[in-house]
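Student: next input, structure requested:
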Amino acid sequence: MVQIVAIPYSIEVNDFGFFLRRNFTTTQTLEMLKEQFDQLYLESAKTGKLMSVGLHPHVSGSSVPHPGDP
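Tutor: Now for the predicted structure:
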(Lines give C-alpha, C1' and ligand atoms only; values in the text may rest on other atoms or scores of the structure.)
Protein backbone atom coordinates (compact mmCIF):
# COMPACT_ATOMS: atom_id res chain seq x y z
CA MET A 1 0.00 0.00 0.00
CA VAL A 2 1.29 3.47 -0.91
CA GLN A 3 0.95 6.20 1.69
CA ILE A 4 1.33 9.90 1.09
CA VAL A 5 3.08 11.87 3.80
CA ALA A 6 2.93 15.65 3.98
CA ILE A 7 5.76 17.43 5.79
CA PRO A 8 4.97 20.97 6.90
CA TYR A 9 7.09 23.74 5.47
CA SER A 10 7.12 26.90 7.53
CA ILE A 11 7.80 30.24 5.90
CA GLU A 12 8.49 31.57 9.41
CA VAL A 13 11.34 29.15 10.16
CA ASN A 14 13.29 29.65 6.98
CA ASP A 15 16.61 31.28 6.12
CA PHE A 16 14.97 33.40 3.43
CA GLY A 17 12.78 35.01 6.08
CA PHE A 18 15.54 35.30 8.68
CA PHE A 19 18.22 36.90 6.57
CA LEU A 20 16.55 38.51 3.56
CA ARG A 21 13.18 39.69 4.88
CA ARG A 22 13.96 40.46 8.54
CA ASN A 23 17.70 41.12 8.31
CA PHE A 24 18.32 38.93 11.38
CA THR A 25 21.82 38.33 12.64
CA THR A 26 22.92 34.73 13.14
CA THR A 27 22.41 35.21 16.89
CA GLN A 28 18.82 36.39 16.38
CA THR A 29 18.20 33.46 14.06
CA LEU A 30 19.55 31.00 16.62
CA GLU A 31 17.30 32.49 19.31
CA MET A 32 14.22 32.22 17.08
CA LEU A 33 15.04 28.60 16.26
CA LYS A 34 15.50 27.82 19.98
CA GLU A 35 12.15 29.44 20.81
CA GLN A 36 10.45 27.45 18.05
CA PHE A 37 12.03 24.22 19.28
CA ASP A 38 11.14 24.91 22.91
CA GLN A 39 7.49 25.55 22.01
CA LEU A 40 7.22 22.41 19.92
CA TYR A 41 8.93 20.41 22.68
CA LEU A 42 6.29 21.58 25.17
CA GLU A 43 3.49 20.70 22.75
CA SER A 44 5.02 17.28 22.09
CA ALA A 45 4.02 16.09 25.56
CA LYS A 46 0.55 15.44 24.09
CA THR A 47 1.35 14.50 20.49
CA GLY A 48 4.28 14.19 18.11
CA LYS A 49 5.68 17.35 16.55
CA LEU A 50 7.99 18.12 13.67
CA MET A 51 10.22 21.14 13.14
CA SER A 52 11.34 21.81 9.60
CA VAL A 53 13.86 24.55 8.90
CA GLY A 54 14.14 25.74 5.30
CA LEU A 55 17.77 26.34 4.29
CA HIS A 56 18.75 27.48 0.82
CA PRO A 57 22.40 27.38 -0.38
CA HIS A 58 21.98 30.68 -2.26
CA VAL A 59 20.86 32.38 0.99
CA SER A 60 22.74 30.80 3.88
CA GLY A 61 25.69 29.48 1.90
CA SER A 62 26.91 26.06 0.91
CA SER A 63 27.99 23.51 3.49
CA VAL A 64 31.01 22.53 1.40
CA PRO A 65 33.80 24.69 -0.01
CA HIS A 66 33.86 25.28 -3.75
CA PRO A 67 37.03 25.49 -5.84
CA GLY A 68 38.31 29.06 -5.78
CA ASP A 69 36.62 29.95 -2.47
CA PRO A 70 38.93 31.75 -0.05
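
Student: so how far is residue 3 from the closest residue to residue 29 other than its chain neighbours?
Tutor: Distances taken as C-beta to C-beta, 6 or more residues apart in numbering put residue 18 closest to residue 29, at 4.5 Å, once the chain neighbours are dropped. Glycine gets a C-beta too; all of them are placed from N, C-alpha and C. Relative to residue 3, residue 18 is positioned 33 Å away (C-beta to C-beta, to the nearest Å).

Student: neighbours of residue 18, how many?
Tutor: A total of 24 residues lie near residue 18 under the criterion other C-beta atoms under 10 Å.

Student: quick thing: my sequence starts at 14, can you match it?
Tutor: All right, first residue 14 from here; so that's residue 31.

Student: that one - that's part of a helix, no?
Tutor: Yes. Membership of residue 31 in a helix is supported by DSSP: H, G, I helix; E, B strand; the rest coil.

Student: give the contact list for it.
Tutor: By C-beta atoms under 8 Å, 6 or more residues apart in numbering, residue 31 lies in contact with 37, 41, 42, 45.

Student: give me the pLDDT for it.
Tutor: We have a pLDDT of 89 for residue 31.

Student: could you point out which element follows the strand or helix carrying residue 41?
Tutor: Under the criterion of DSSP states H and E, residue 41 resides in helix 39-56. Note on helix 39-56: by DSSP H and E, the next helix or strand toward the C-terminus is helix 70-73.

Student: tell me the mean pLDDT over that next one?
Tutor: The model assigns helix 70-73 a mean pLDDT of 82.

Student: chain center to it: distance?
Tutor: The chain centre lies 12 Å from the centre of helix 70-73; the measure is C-alpha atoms, centre = their mean, to the nearest Å.

Student: still on that earlier bit, just the buried ones out of the contacts of residue 31, please.
Tutor: With neighbours counted by 16 or more other C-beta atoms under 10 Å, those contain buried members at 37, 42, 45.
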